[in-house]
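In: sequence first, then the predicted structure, then my questions.
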Amino acid sequence: MMNMPGVLQTRADFERMHSAALNGLVSRAQMVSQWQGLLSSSMGWVLDSDADAEAVSDNPSFRVFAPSEEGGEPEVYRQKRIYGRMDALGYSPSDIETAIAALEDSNG
């Protein structure tokens, strides 16, 4: 079995290691973790000073932090990063979900 590199830097790295995982040369679990990391890196937290507190409490994509010194509670929300690593490598969320599913389906 080969060792998985600590960081997959290019699309070719992801494709090569995905193929190796499907062929049993590297751990499928490690490759799934790499794909999930790439998928989660496409989202970031953005400060929203105009958020409605009631709407924020019902929305799982919002977080409310402890009150600031001015007495307000800063809210942040998750938003897709425009220039995220996933986009830079040319992947869409559905591409990554398909790759993860292929690894999990072949894990039997």
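Out: Sure thing, it's come through. Predicted model only: the values in this text are computed from it and were never measured.
In: what residues sit buried inside stretch 99-108?
Out: 99-100, 102-103 (16 or more other Cβ atoms under 10 Å). Placement of C-beta: from N, CA and C, glycine included.
In: right, and Pro5 touches Asp13 too?
Out: Yes. At 6.9 Å, Pro5 and Asp13 qualify as touching, with contact defined as Cβ atoms under 8 Å.
In: number of residues surrounding Met1?
Out: 8 (other Cβ atoms under 10 Å).
In: check contacts around it.
Out: Under the criterion of Cβ atoms under 8 Å, 6 or more residues apart in numbering, the contact list for Met1 reads 24-27.
In: likewise Ala20?
Out: If a contact means Cβ under 8 Å, 6+ apart, then Ala20 has 2, 26, 31 as its contacts.
In: how deep is the first one tucked in, by neighbour count?
Out: Think Met2. 12.
In: same deal with the last one?
Out: Residues within reach of Met31, counting by other Cβ under 10 Å, total 23.
In: hmm, who's touching the helix or strand hosting it?
Out: Element membership for Met31, per DSSP states H and E: helix 28-40. Surrounding helix 28-40, the residues in contact under the criterion Cβ under 8 Å, 6+ apart are 4, 8, 14, 17-18, 20-22, 85-86, 89, 91, 93, 96-97, 99-100, 103-104, 106-107.
In: and if you look at stretch 93-107?
Out: By Cβ under 8 Å, 6+ apart, the residues outside stretch 93-107 that reach it are 18, 21-22, 28, 31-32, 35-36, 38-39, 42, 86.
In: are any of those residues buried, and which?
Out: Burial by neighbour count, judged by 16+ other Cβ under 10 Å, picks out 18, 21-22, 28, 31-32, 35, 38-39, 42, 86 from these.
In: for the residues you listed, give me JSON lines that also has pLDDT.
Out: What follows is those, written out as JSON lines (pLDDT from 0 to 100):
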{"residue": "His18", "pLDDT": "96"}
{"residue": "Ala21", "pLDDT": "95"}
{"residue": "Leu22", "pLDDT": "94"}
{"residue": "Arg28", "pLDDT": "94"}
{"residue": "Met31", "pLDDT": "94"}
{"residue": "Val32", "pLDDT": "95"}
{"residue": "Trp35", "pLDDT": "94"}
{"residue": "Leu38", "pLDDT": "89"}
{"residue": "Leu39", "pLDDT": "86"}
{"residue": "Ser42", "pLDDT": "75"}
{"residue": "Met86", "pLDDT": "86"}
